[in-house]
Each structure stands twice: as structure tokens, then as C-alpha cells.
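> coords please:
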Amino acid sequence: RKLVGASYSRDMTELQWGPKEVSPVLRAEFSYEFDKPFNRAVATTMFGAKEEGTAALIVDPSRGVAERDQVSFMIGADYFLWLPFWETQDTSVFTSVQLFTIVTPNGEDLLFQAPYAAYGAKLHQVQNYGTLLLSHTFDDGKLPVELLAVYDIQNQAVALRQRFDFNYFGDNIRPRIEIAHFEADPEQGVLGFAQQSDNVEFSLTLQF
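As a prediction, this is how the structure comes out:
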């Protein structure tokens with residue numbers, strides 16, 4: 001991969017919000033990838049026949065793979081939230097919001113993501129995503145709870161992940177429950193490929 005990028009972070013001390021007068025943290029990232037390989041949505045065989053969607057994957061790579069530059073941007077903010085109406089709140093709610101934009105110029109003839117291919121699952125030349133992360137510990141730090149939400153704006157798809165850690169058994173035993181849910185059209189965007197992947201996961205970590 002040929003990739004260049006830059007990142008920026010700043011504590012916005014001039015802004016102090018909430019009952020604890022907490023300042024948000026602004027973050028930004030940029031990347032430019034040269035000659036990223038993509039599968040073509042339509043490929044021509046050596047005999048001149050045109051293959052589309054999944055069938056385009058069987059074409060010789062010299063005809064079925066295209067290289068395009070891709071530009072990615074991210075802007076986000078982190079904030080330690082104290083709710084004014086929650087009088088018994090003992091720790092902040094860590095809140096992180098991010099917006100992503102991915103631009104692939106001249107990408108109208110490409111499939112969304114190699115090696116997957118399906119008719120209609122073509123790459124959006126501009127992709128936009130939003131994420132929200134909420135994290136808080138209850139019961140004097142013994143019950144950390146985390147929620148991650150991802151929204152695919154172009155495909156109007158949503159992914160949710162809920163995580164519960166149970167720190168009631170000392171430092172050596174850490175049970176966890178994690179729930180993942182996807183709402184997306186089949187094979188449309190990265191969340192569409194995961195739309196049948198809802199799961200509930202139970203895990204137990206032993207530390208020694």
C-alpha cells in the first residue's frame with residue numbers, strides 16, 4: 001500500500017460545558033491512498049464478452065481489477081459528559097462522535113469492496129459514515145457498559161454493538177456479554193455484507 005496521512009488533535013479549552021465545565025477534544029485525520037486495487041463492476045473477457053457483478057470476478061485480474069486513488073477524511077470530538085439531572089452520577093459518560101468521508105474519484109465502474117461482488121453492490125464514489133460511542137461505569141466501577149453505533153449514510157444502514165463487563169470477581173475473572181445488531185439492505189455497503197451477522201457473545205477472561 002502507498003498511503004500518506006496526517007492527524008490533528010486539540011483540547012478546546014476555550015469551550016467549557018456542563019456542570020463540571022468540561023472541555024471537548026477535537027480530532028481530525030486525513031489519508032490519501034495511491035493506486036488502491038478494486039474489482040470492476042463490469043469486466044471484459046479475452047473473447048470480448050462482458051461480465052457483470054459476481055461473474056466479473058472470474059475474469060483475468062489484468063482485465064477485472066482497476067486501481068484508483070482514494071481520499072479519506074475524519075473529524076470527531078470526544079467529551080466527558082456530566083448530566084445535570086443525574087445527581088448520583090459518580091463518573092462521566094465518555095462520548096465520542098465521528099464523521100467519515102471517503103472519496104474515490106472515477107469510481108463509477110467499481111464494486112463496493114473486494115473480494116465481495118453482487119449485482120447492484122457498486123461503489124459509491126463518495127461514502128459517508130457517522131459513529132457514536134458512549135461508555136460509562138455503573139455500580140462503583142464494577143459494571144462498565146459501552147454502546148457503539150455506526151450509520152452508513154448512503155445506504156441508510158445501522159450497526160449497534162452493546163458491551164457489558166462484570167467486574168465483580170476481583171482482578172482475575174472478567175465475564176463479558178456483547179450484543180451486535182445490523183439493519184441494512186443485503187450486500188449494500190459494508191454493513192449490508194454483515195446484515196445477517198447479529199450475534200450475542202459470552203466470554204470469560206482469566207488473568208493470572
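> every contact and neighbour count from this point should use C-alpha atoms.
Fine.
> just give the nearest non-adjacent residue to the spatially most central residue of the chain, would you?
Computing the C-alpha centroid of the chain and ranking residues by CA atoms, centre = their mean puts Val150 first, at 6.0 Å. Spatial nearest neighbour of Val150, chain neighbours left out: Thr131 (4.5 Å); criterion: CA to CA, 6 or more residues apart in numbering.
> how about the backbone phi and psi for the one you found?
phi -130, psi 150 (degrees, to the nearest 10).
> partner residues bridging it?
Beta-bridge pairing of Thr131 under DSSP bridges involves Gln98, Val150.
> circling back: so what's the residue nearest to the centre of the chain up against?
129-132, 158-160 (CA atoms under 8 Å, 6 or more residues apart in numbering).
> could you rerun that using 10 Å?
Going by CA atoms under 10 Å, 6 or more residues apart in numbering, Val150 touches 98-99, 129-133, 157-161, 182, 191.
> any low-confidence regions in this structure?
When residues are selected by pLDDT under 70, those of the chain lie in 43-58, 60, 112-121.
> residue ranges of the helices in it, please?
Taking DSSP state H to define them, one finds helices in the chain at 61-64, 189-192.
> and Gly5, which of those is closest to it?
Among those, helix 189-192 comes nearest to Gly5, with 22.8 Å by CA to CA.
> elements contacting that closest one?
strand 143-152, strand 157-165, strand 173-183 (3 or more CA pairs under 10 Å, 6 or more residues apart in numbering; DSSP states H and E).
> make TSV out of the ones you listed and add distance to Val71.
Shown next, in TSV, are the helices and strands packed on helix 189-192 (distance: least, CA to CA, whole Å):
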stretch	distance to Val71
strand 143-152	17
strand 157-165	22
strand 173-183	26
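> quick one: closest of those strands to Ala41.
That would be, of the helices and strands packed on helix 189-192 and by CA to CA, strand 143-152, which comes in at 21.0 Å.
> now that closest one, how far from the centre of its chain.
Strand 143-152 sits 11 Å away from the centroid of its parent chain (CA atoms, centre = their mean, to the nearest Å).
> and the angle from that strand to strand 173-183?
20 degrees (axes from the mean of the first three to the mean of the last three CA atoms, to 10 degrees).
> strand partners of the longest strand seen in the chain, parallel vs antiparallel please.
Taking DSSP state E as the assignment, the strand of the chain that covers the most residues is strand 65-81. Next to strand 65-81 in the sheet, as set by DSSP bridges, lie strand 25-39 (antiparallel), strand 93-103 (antiparallel).
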